[in-house]
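K.L.:
Predicted model follows, preceded by the sequence.
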Amino acid sequence: MRYLLPSLILVALFAMLMLRGYVHSEILADHRVRESVDADQVPKRILKGGPVIDARGPTPARALNIPDHRIVLTFDDGPDPVWTPKVLDKLKEYDAHGVFFVTGTMASRYPALVKRMVDEGHEIGLHTFNHPDLSFQTKSRIDWELSQNQLALAGAADIRTSLFRPPYSSFSSAMDNKSWPVAEYIGSLGYITVLDSTDSEDWKRPGVEAISRNATPKGGKGAIVLMHDSGGDRSQTVAALGRFLPEMREKGYEFTTVTEALGAPSAHTPVTGAALWKGKAWVGAVALSDNITGVLVVGLSVIGVLVFVRFGLMLVLSFAHARRVRRRGFTWGRPVTEPVTVLVPAYNERECIANTVRSLMESDHPIEVIVIDDGSTDGTADIVEALWLPNVHVVRQVNGGKPAALNNGIAHATHDLIVMMDGDTVFEPSTVRELVQPFGDPRVGAVAGNAKVGNRDSLIGAWQHIEYVMGFNLDRRMYDMLRCMPTIPGAVGAFRREALERVGGMSEDTLAEDTDITMAMHRDGWQVVYAERARAWTEAPESVQQLWSQRYRWSYGTMQAIWKHRRALVERGPSGRFGRVGLPLVSLFMVLAPLLAPLIDVFLLYGLVFGPTEKTIVAWLGVLLIQAVCAAYAFRLDGERMTHLISLPLQQILYRQLMYVVLLQSWITALTGGRLRWQKLRRTGVVEAPGSIPGPRGRDADRRPVA
């Protein structure tokens, strides 16, 4: 279910976007308009006849006129949510009826207005679905335009109609050799083609007086008057109706529908059965797609705001953090010189453990090392013992998980300052010393170090390198300034024993024990800070499957930790401060923002395919530029080479989508009550700290160290 549901969500989202694009004439729309051609193939009785063309049946086509002193007001291109209600209100005010030639796109989106037209006695006609010039279209496309238009009517008002008006049409005298065959074909399908005999030219917006004058028939003759209730600002049309309707009534004119004027049966036929439910399903699907895309637009706006807020905060607060800790004379307090216990929990770390322990032996700070072997089956503990290194102790236990191993190590530690690291990580000689200096401030209970990717020679390694430097370490500078550091990395972190004991040690409640313990520290009133010079080199996953497993556990564990500490939102004191500052920031920037971030790429693809292409590309490049600026600043702060940023655009296209699917799957796991187990990643042991003395690395000894 965790794999099927994300796939179904993505397919449904794609379908909704395609439906929206179709209904909004962004997909399959044809906006070409043909120039006039000769009319020698059009019967003269049509060219000189009236505006109603009846080409149905075996008899020759007829062009019918509207009887004298009768006006058929027609409105094209609607319904429009702004102007159609105002037009209907004017007609109702003067007890006048008319004919609305609706497009399928608008009828599908605003079915309630179509229903109101029918309920108030107006007649409905088809105006195609996407408003193309039918003289350019094949018969199959014409059939499609009409059937989709009828489908929208059935869903909106439970009817179908026999009236039709071609887009871009005019008087019957304007029929030519391209438009006449279309009228004949439309007639063969059972439709009456309704043109116009008087054009108000309201689409030109010539003014209320001009619209009223243009719409007035000459010499008391009957007329079909062309107006519009959609397609732009129709305020002049509405105002002109308020003048035209009473004036023509005073002159003895009657406002009626086409069929009433001709004494014909109603153009409306009730729709029942399967056709009705198909129409209802169509209108419902359109409403759903509009609502979903509306939510997506809101989501895109939210993620846009979050991206700018996050990047702005990171740049400003990271600059402030770097300026504070790098200024001349800065100190955390008295220099910390007391010995430190380093805990190394290890489970099947055969490939890495020797490098890890050797790097600790080069430390320029006095330490004892405790390797807690968590039931390894590959001889990890034997490798450490065979090294015969001073102050390195091995504690063996039955496999119980990382939190249990760390708690066991804490129980065996002889010093009050405890450093924790992973079994696949190596330290620089100064790492431990730099990591414990913040404990010169008695308010500090824990310190986060600077975890860096060692195996960055592959593309996936380079992407994680960018993520670590920009996303993790730049974030930690920001959170340090806000006093709400969410996570002390398991690869390099330090704790006071007193602080650990007060919060009950490492908890097994979540899969992100490092995030859990950090939040517990904040709630207990301890400060958690970031030591940028305490660098640790870790081996990042080297395959998509391994990366998936790691990030799935991280994101799911983070959600567990947020839920576990949710009561901080309503508590007082330090816990309440973290709950009302830290938890919302962590939820926004680590859970919500990554989940919504792919919307940028979804709308990028949509805009590239369906337009506006240039604006879409500019917007996406703008977001990428902001990310590049932040990444470059982060690399500068960490003294990293900028060459790795070449892969940043590709990271945004591919890597972010992978993280999105991982996070979505974590959400589904959490919502469905699933449980996630620890997963051991395959290690190679290629990572070494700069300046360290290399040791044997087993089967991968031919690989080049990349740190």
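P.N.:
Received, thanks.
K.L.:
only C-alpha atoms for contact and neighbour calcs from this point on.
P.N.:
Noted.
K.L.:
Burial check on Val369, number of neighbours?
P.N.:
Val369 has 23 neighbours, counted by other C-alpha atoms under 10 Å.
K.L.:
isn't there a strand covering it?
P.N.:
Yes: under DSSP: H, G, I helix; E, B strand; the rest coil, Val369 sits within a strand.
K.L.:
if I look at it, how far off is Leu406?
P.N.:
Applying C-alpha to C-alpha, to the nearest Å, the value for Val369 to Leu406 is 13 Å.
K.L.:
Over to Ala210?
P.N.:
Separation of Ala210 from Leu406 (C-alpha to C-alpha): 86 Å.
K.L.:
cool, and Val357?
P.N.:
Val357 is 16 Å from Leu406, where distance means C-alpha to C-alpha.
K.L.:
Residues in contact with stretch 608-617: which ones?
P.N.:
Under the contact criterion C-alpha atoms under 8 Å, 6 or more residues apart in numbering, stretch 608-617 has outside partners 21, 26-27, 604, 607.
K.L.:
For the residues you listed, which two are the farthest from each other?
P.N.:
Greatest spatial distance among the contacts of stretch 608-617 (C-alpha to C-alpha): Ile27 and Leu604, at 15.6 Å.
K.L.:
These two: which is more packed in?
P.N.:
Between Ile27 and Leu604, counting by other C-alpha under 10 Å, Leu604 is the more crowded of the two (20 against 16).
K.L.:
Am I right that the more buried one is in a helix?
P.N.:
Yes: Leu604 forms part of a helix when assessed by three-state DSSP.
K.L.:
so it makes contact with Trp620?
P.N.:
Yes: with contact defined as C-alpha atoms under 8 Å, Leu604 counts as touching Trp620 (6.9 Å).
K.L.:
sorry, back to before: neighbour count for Ala210 and Leu406, which is higher?
P.N.:
Leu406 (24 against 15).
K.L.:
who touches the helix or strand containing the more buried one?
P.N.:
Per DSSP states H and E: Leu406 is located in helix 402-412. Residues outside helix 402-412 that contact it (C-alpha under 8 Å, 6+ apart) are 343-345, 370-374, 395, 397, 418, 497, 505-508, 513.
K.L.:
Now, those that are in helices?
P.N.:
497, 513 (DSSP state H).
K.L.:
for this structure, longest helix please?
P.N.:
For the chain, the helix with the greatest residue count under DSSP H is helix 273-326.
K.L.:
Which neighbouring elements make contact with it?
P.N.:
Other helices and strands packing on helix 273-326, by 3 or more C-alpha pairs under 8 Å, 6 or more residues apart in numbering; DSSP states H and E, are helix 4-23, helix 104-109, helix 139-157, helix 474-482, helix 593-596, helix 598-610, helix 613-638.
K.L.:
which of those helices is buried the deepest?
P.N.:
Burial of the helices and strands packed on helix 273-326 is given as mean neighbour count (mean count of other C-alpha atoms under 10 Å); helix 104-109 ranks first at a mean of 27.
K.L.:
in whatever helix or strand comes next after that helix, what's buried?
P.N.:
Next helix or strand after helix 104-109 toward the C-terminus (DSSP H and E): helix 111-119. Across helix 111-119, burial judged by 16 or more other C-alpha atoms under 10 Å covers 111, 113-115, 117-118.
K.L.:
Show me the residue at the heart of this protein, geometrically.
P.N.:
Closest residue to the average C-alpha location of the chain: Leu599 at 2.2 Å, with C-alpha atoms, centre = their mean.
K.L.:
For Leu13, see how far away that one is.
P.N.:
Distance, Leu599 to Leu13, by C-alpha to C-alpha: 11 Å.
K.L.:
before we move on, what about Val469?
P.N.:
The gap separating Val469 from Leu13 is 33 Å, by C-alpha to C-alpha.
K.L.:
what does Ala494 give?
P.N.:
45 Å.
K.L.:
tell me which element Gln545 falls in.
P.N.:
Per DSSP H and E: Gln545 is located in helix 544-564.
K.L.:
Which positions within that helix qualify as buried?
P.N.:
Quick answer for helix 544-564 (16+ other C-alpha under 10 Å): 546-562.
K.L.:
helices or strands up against the next helix-or-strand element following that helix?
P.N.:
Heading C-terminal from helix 544-564, the first helix or strand you meet, by DSSP H and E, is helix 573-577. If you count contacts as 3+ C-alpha pairs under 8 Å, 6+ apart, helix 573-577 packs onto helix 513-523.
K.L.:
hmm, who's touching the helix it packs on?
P.N.:
Looking at what lies outside helix 513-523 - C-alpha under 8 Å, 6+ apart - the contacts are 403, 445-446, 484-490, 499-500, 503, 505-507, 510, 527-528, 557-558, 561, 565, 568, 574-576, 578.
K.L.:
likewise stretch 489-498?
P.N.:
Contacts of stretch 489-498 (C-alpha under 8 Å, 6+ apart): 410, 416-422, 425, 435-436, 439, 445-451, 514-515, 534-536, 538.
K.L.:
And for stretch 242-261?
P.N.:
Stretch 242-261 has contacts (C-alpha under 8 Å, 6+ apart) with 66-67, 69-73, 90, 94, 96-99, 122-123, 212, 216, 265-267.
K.L.:
Please spell out the PyMOL selection for the buried subset of the residues you listed.
P.N.:
In PyMOL, this line selects whichever of the contacts of stretch 242-261 come out buried by 16+ other C-alpha under 10 Å:
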select buried, resi 66+69+70+71+72+73+90+96+97+98+99+122+123+212+216+267
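K.L.:
Quick one: neighbours of Glu247, just the number.
P.N.:
Neighbours around Glu247, by other C-alpha under 10 Å: 14.
K.L.:
An error on my part: the question was meant for Arg243.
P.N.:
Per other C-alpha under 10 Å, the neighbour tally for Arg243 reads 14.
K.L.:
per-residue confidence at it?
P.N.:
At Arg243, the model reports a pLDDT of 95.
K.L.:
Helix or strand: which one has it?
P.N.:
helix 235-250.
K.L.:
for that helix, which positions count as buried?
P.N.:
Buried-residue list, helix 235-250, by 16+ other C-alpha under 10 Å: 235-242, 244-245, 248.
K.L.:
Also stretch 389-404?
P.N.:
392-394, 396, 401-404.
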